[in-house]
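In: Could you work out the structure for the sequence below:
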Amino acid sequence: MKAIIISIIAGSLFFSSVQADHEPDHRYNIRGYVLDGSQQGIDSLTVEAFAEGKLLGSGKTDTDGYYSMHLHLHDEDYHRALKLRAGSLEAELRVTFERGDDTSARIHEANFVDGKYVEGALNRFHIPNWSYAAGGLVLFMVIMVLLEKQRKKKVRLAKYGASEKHSPSGHKAKKARRKKH
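Out: Residues are numbered from 1 along each chain as shown. Coordinates of the predicted model:
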């Protein structure tokens, strides 16, 4: 009996917290990095978001300088000014999202790099943008070569059959063909 009562209480607590956390039009996530002048993360720094002097949320940086915080904002908060504070660094950001969209995640990338505020996603691994196109091209070429090899194998099998004795392979097969002519 005790187990049933405990499971009912635990289930109701879980359900009420899940229900409050899953209303997408109330969530606004601010995340980013706090980096020093040499692009190294600043560890264990508290990052806070304020509106009209009231603390809305906070997060702590990890060893890479990454932080994330989840705020409870509504559609009415669109374009609202927030103050972001990371230690002695401060910046103002405007709440932005697609109004009426209650399915997409509302994420704001906000970073402090060498004391300056930088909005948008950072390329933390210093991979140049052109390398993605080059990598895609190389991958495409590898796939094309593999497909061509597969096509040639099918043609060879159709021409000589599945028997290994009759399939031409390397130097010996060329000699055998020359002798026949």
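In: any weak-confidence spans in the protein?
Out: Within the chain, the segments meeting pLDDT under 70 span 1-26, 100, 102-103, 123-128, 162-181.
In: Which residues does residue 35 form beta bridges with?
Out: Beta-bridge partners recorded for residue 35 (DSSP bridges): residue 41, residue 113.
In: Make residue 1 into 42 and carry on from there
Out: With the count now opening at 42, the last piece we talked about shows up as residue 76.
In: can you count the residues close to it?
Out: As a burial measure, residue 76 scores 23 neighbours (other CB atoms under 10 Å). C-beta coordinates here come from the backbone N, C-alpha and C atoms, glycine included.
In: Repeat that for residue 88.
Out: 25.
In: pull the longest helix from the chain.
Out: If you go by DSSP state H, the chain has its longest helix at helix 170-201.
In: In it, which of the residues would be classed as buried?
Out: Buried residues in helix 170-201, defined by neighbour count with 16 or more other CB atoms under 10 Å: none.
In: what does stretch 85-96 give?
Out: For stretch 85-96, the neighbour count (16+ other CB under 10 Å) marks 86, 88, 89, 90, 91, 92 as buried.
In: Touching that stretch from outside, list them.
Out: Contacts of stretch 85-96 with the rest of the structure, by CB atoms under 8 Å, 6 or more residues apart in numbering, involve 71, 75, 97-102, 106, 108, 110, 112, 121-128.
In: Go ahead and produce PDB holding the CA coordinates of it.
Out: The C-alpha coordinates for stretch 85-96 follow below in PDB (Å, rounded to 0.1, in the frame of the first residue of the first chain):
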ATOM      1  CA  SER A  85      33.200  28.400 -13.300                       C
ATOM      2  CA  LEU A  86      32.000  31.900 -14.200                       C
ATOM      3  CA  THR A  87      28.300  32.700 -13.400                       C
ATOM      4  CA  VAL A  88      26.400  34.200 -16.300                       C
ATOM      5  CA  GLU A  89      23.100  35.900 -15.400                       C
ATOM      6  CA  ALA A  90      20.200  37.400 -17.400                       C
ATOM      7  CA  PHE A  91      18.200  40.400 -16.000                       C
ATOM      8  CA  ALA A  92      15.100  42.300 -17.100                       C
ATOM      9  CA  GLU A  93      14.400  45.600 -15.400                       C
ATOM     10  CA  GLY A  94      16.800  44.700 -12.500                       C
ATOM     11  CA  LYS A  95      15.100  41.300 -11.900                       C
ATOM     12  CA  LEU A  96      17.200  38.100 -12.200                       C
END
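In: All good on my end, thank you.
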